[in-house]
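*Asks:* Model the structure of this input:
(chains A and B)
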Amino acid sequence: EPEVTQTPSHQVTQMGQEVILRCVPISNHLYFYWYRQILGQKVEFLVSFYNNEISEKSEIFDDQFSVERPDGSNFTLKIRSTKLEDSAMYFCASSRNRNTGELFFGEGSRLTVL
Amino acid sequence: AQTVTQSQPEMSVQEAETVTLSCTYDTSESNYYLFWYKQPPSRQMILVIRQEAYKQQNATENRFSVNFQKAAKSFSLKISDSQLGDTAMYFCAFMKYSGGGADGLTFGKGTHLIIQP
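*Replies:* Model (predicted):
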C-alpha cells in the first residue's frame, strides 16, 4: 500500500542553523501539507500546497519557513534559522482530493533544536 | 477561528468493551467536516471516520460510529467490540469547507485510548 515517507526520522541541530525536512507524498496525490506537534500539545497546521504554490498557511508559518516541491517527487519544509521553539514533530501529509479531509500522513520527523 | 476540545486525555477499557471518546468544537462556519484520526504507537495517523456537517445521519465504519450533535457542537466516537489494535491516540479534527484551495485541519489535543487484554 502506498504511503507517505519522511526523512530524517530525527534531526538534532543547533539554534540558528538551517534545517530541511523531506517528504515523499503518495504519487498520484495533488495536495500536500505540513503539520507540527510540539511535545504535549496539539497537532497544528502549518501550510498546504497545490499546483506548485502555497494554498493556505497558518500564523505559525512565518518568513523563517518555506516549502518547495523541487522535482515533482519530494516535498520539502525548510526552516532558515531554527529557534528552540521549533523543536517538534513535523508531519507531512498528502491527499488526492480537496475538501475530503482524508489526509495520508507520514510517520513524522522529530526536530530537536539545542 | 475554530477550536476543538477533547476533554479525556486518557481512557482505558477492557478488550471487547464499548468505549466512547468525546469531542466538542466551536465554529461560526456553517459548512464543515469533522474527522476522527487514529495515531498508533508507530506514529502514522490514519483517518478513522468522517462526517459532513450537512448530513444528519451519523457516519459509521464497521466498529466505529459517531454521534454528531450539530446544535450542541458535539462529535463523539464510539468504538464497539474494542480490540487490542485499537490502542492509540485518537484525534478529533475540524475542517471548514471552502470553494478553493486546500484547507488545513484543526485538531484537538487527543485522547490516549488503551485497550486492556
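*Asks:* Only C-alpha atoms from now on, for both contacts and neighbour counts.
*Replies:* Noted.
*Asks:* Quick one: residues contacting the most centrally placed residue in chain A.
*Replies:* Nearest to the geometric centre of chain A sits residue A:34, at 3.1 Å (Cα atoms, centre = their mean). Counting by Cα atoms under 8 Å, 6 or more residues apart in numbering or on different chains, residue A:34 touches A:45-48, A:77, A:90-93.
*Asks:* can you map out the strands along chain A?
*Replies:* For chain A, the strands defined by DSSP state E cover A:5-7, A:10-13, A:19-24, A:31-37, A:43-50, A:53-57, A:65-68, A:75-79, A:88-95, A:104-105, A:109-113.
*Asks:* could you check whether the shortest one is close to chain B?
*Replies:* Yes: using Cα under 8 Å from any Cα of the partner chain, strand A:104-105 reaches chain B at A:104-105.
*Asks:* ok, that strand: who's next to it in the sheet?
*Replies:* When pairing is defined by DSSP bridges, strand A:104-105 lines up against strand A:88-95 (antiparallel).
*Asks:* Next, the angle from the strand it pairs with to strand A:31-37.
*Replies:* 160 degrees (axes from the mean of the first three to the mean of the last three Cα atoms, to 10 degrees).
*Asks:* Could you show which parts of chain B are in contact with chain A?
*Replies:* So chain B meets chain A at B:33, B:35, B:42-47, B:50, B:95, B:97-98, B:101-110 (Cα under 8 Å from any Cα).
*Asks:* Let me know the pLDDT of the residue nearest to the centre of chain A.
*Replies:* In this model, residue A:34 is scored at 97, pLDDT.
*Asks:* what does the one 4 residues further on give?
*Replies:* We note a pLDDT of 94 for residue A:38 in this prediction.
*Asks:* isn't it right up against residue A:88?
*Replies:* Yes: counting by Cα atoms under 8 Å, residue A:88 is a contact partner of residue A:38 at 4.3 Å.
*Asks:* So which of the two has more stuff around it?
*Replies:* Higher neighbour count among residue A:38 and residue A:88: residue A:88, with 21 against 16, using other Cα atoms under 10 Å in any protein chain shown.
*Asks:* wait, what's in contact with that one?
*Replies:* Counting by Cα under 8 Å, 6+ apart, residue A:88 has contacts A:36-39, A:110-112.
*Asks:* Now for residue B:42: which residues touch it?
*Replies:* Here residue B:42 is in contact with residue A:107 (Cα under 8 Å, 6+ apart).
*Asks:* I meant residue B:13, not that one.
*Replies:* So residue B:13 contacts B:19, B:113-116 (Cα under 8 Å, 6+ apart).
*Asks:* Check the residues you listed against chain A and report the nearest one.
*Replies:* Lowest distance from chain A to the contacts of residue B:13 (Cα to the nearest Cα) belongs to residue B:113, with 15.7 Å.
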